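Undergrad: Pasting a predicted model and its sequence here:
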Amino acid sequence: MGEHDFDCVIDRTQTPALKHHKIVLGEDGAGLFAAGVADMDFRVAPCIIEAIEKRAAHGVFGYETVPDGLLPALTGWAQSRHGWTVDPAHILRAPNVLNALAMAANLFTEKGDGIIIQPPVFFDFADIIAENGRTLIENPLVLRKGRFEMDFDGLEAAASAPRTRMLLLCNPHNPVGRVWTRAELARLADICRRNGVLVVADEIHGDLVFRGHRYTPFASLSAEDALNSVTCLSPAKSFNIAACACAFTLVPDPVRRAAFKAENSRLTVNKNNAFASVAMEAAYERGGPWLDDAIAYLEGNVALLRERLRQIPGVTMIEPEGTFLVWLDFRELEPESEALTRFLRHKARWAVTRGIAFGPQGAGFARLNIACPRARLIEALDRLERAAQDHMESTK
Ligand SMILES: Cc1ncc(COP(=O)(O)O)c(C=O)c1O
């Protein structure tokens, strides 16, 4: 274990943390294992806290521009961490990833055009498509031998439909934890390019990859594929700074980039948050050792979960390759969605995200966030074990 203390339990109810708020937990949420919202319960890297404290101590927070060191910190990170050369001229700042996805959908498709998603997938993808008057085209992932894969025949059919213009890629994939391989991405890229479908790659989880797997940035596949892509990047998940609201859009195609810039200006989403700027810069410049330790700790939590689930009847885990989200299969324990929701909330006392929130394909599953101190996870698993045994007994 590294030098950072991820076992420390921090009371997040002292802040308006969404994960613990009644917006998410409901009115009677006290005592639930809050493992729904996708952030970490860990204190962030010391270098980020120091950078924010230093900036706060300065005491003046008037209008600012982007700090000189920020884009070099991002491109340096991409290069050293992922072997990915990013041209700083291609980078635009964005308030957050969802904002960038919605802007891309508006800019590069027309109302009624089709946008492909591959469920079960992060629920906001479908919401963005619906809220912006676009047509949802689903190409569900396929579960083969315990691993989710893309359905390339289905993708070919979806991409070649006359009004399909865009695909929202989740790389790595929330909630099933796949870190798409270069070969898989190249196949998807080929289908999209041949059919004139723009790939909008949400790579917010790209830095959170477990040993034995490798994150392939979509835009690193080839120059041609980069031109057919918009990538959304952010340190929000990997460095646990989602409330700093910070993201980047990478737009290699000059015409699309000009359109994006103009839209940022039209909507005036081009102002900087001083604390987000210093937090991002510190994360990318000096946060590597902390992230290595965080990933090792998450791997430990995955190992614990794997071990404990051997004793828990009716629940299995889809082995995650990255992210801090684990897709749990409860179908054997309780196949009916509403009954599963009741079981999780009232018997196990878990507040996790219902599988069906990610599309009908998620029925019988739930998404667990494991980015919490191990003691919390153990306590939650003890409760699940007792509840699952009771449930099995009562439904015999
Ligand atoms: C795949 C994915 N994209 C985007 C987001 C949200 O990003 P942001 O807070 O920057 O809008 C999340 C948060 O859970 C996510 O999992």
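TA: Arrived safely. Numbers count the residues shown, from 1 in each chain.
Undergrad: Name the nearest residue to Trp180, ignoring sequence neighbours.
TA: Asn171 (5.2 Å; CB to CB, 6 or more residues apart in numbering). For glycine as for every other residue, the C-beta is placed from the backbone atoms N, C-alpha and C.
Undergrad: close enough to count as contact, the one you found and Ala201?
TA: Yes: the pair Asn171 / Ala201 is scored as a contact, 5.5 Å apart, by CB atoms under 8 Å.
Undergrad: which neighbours do those two share?
TA: The contact sets of Asn171 and Ala201 overlap at 217-218 (CB atoms under 8 Å, 6 or more residues apart in numbering).
Undergrad: Retrieve the pLDDT associated with Met1.
TA: Predicted confidence (pLDDT) for Met1: 53.
Undergrad: One more: Arg367?
TA: At Arg367, pLDDT is 98.
Undergrad: residues touching it, list them.
TA: Shown in contact with Arg367 (CB under 8 Å, 6+ apart): 36, 174-175, 325-328, 352-353, 355, 357-358.
Undergrad: And stretch 222-231, end to end?
TA: For stretch 222-231, the first-to-last residue distance is 14 Å (CA to CA, to the nearest Å).
Undergrad: which residues touch it?
TA: Outside stretch 222-231, the residues touching it (CB under 8 Å, 6+ apart) are 100, 104, 108, 186, 189, 192-193, 198-201, 203, 217-220, 249-253, 256, 260.
Undergrad: Can you point out the buried residues in it?
TA: 225-231 (16 or more other CB atoms under 10 Å).
Undergrad: Okay, and which of these map to helices?
TA: Those of the buried residues of stretch 222-231 mapping onto helices are 225-227, per DSSP state H.
Undergrad: got TSV for those residues, with distance to Ala126 and pLDDT too?
TA: Formatted as TSV, these follow (distance: CB to CB, whole Å; pLDDT from 0 to 100):
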residue	distance to Ala126	pLDDT
Asp225	25	98
Ala226	26	98
Leu227	27	98
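Undergrad: From the residues you listed, pick the one nearest Asp390.
TA: Asp225 (51.3 Å; CB to CB).
Undergrad: so which strand or helix has Ile10?
TA: Counting by DSSP states H and E, no helix or strand carries Ile10.
Undergrad: quick one: it from Pro373, how far?
TA: Ile10 sits 8 Å away from Pro373, taking CB to CB, to the nearest Å as the criterion.
Undergrad: Need the phi and psi values for the spatially most central residue of the chain.
TA: Centroid-nearest residue in the chain: His205, 4.7 Å away (criterion: CA atoms, centre = their mean). Backbone torsions for His205, taken as degrees, to the nearest 10, come to phi -100, psi 10.
Undergrad: and it, how far is that from Pro67?
TA: His205 is 25 Å from Pro67, by CB to CB.
Undergrad: swap in Ala219?
TA: Applying CB to CB to Ala219 and Pro67 gives a distance of 24 Å.
Undergrad: Those two: who's more crowded?
TA: A side-by-side neighbour count of Ala219 and Pro67, using other CB atoms under 10 Å, places Ala219 first with 27 against 16.
Undergrad: my read: that one touches Ala201, true?
TA: Yes: assessed by CB under 8 Å, Ala219 is found in contact with Ala201 at 7.1 Å.
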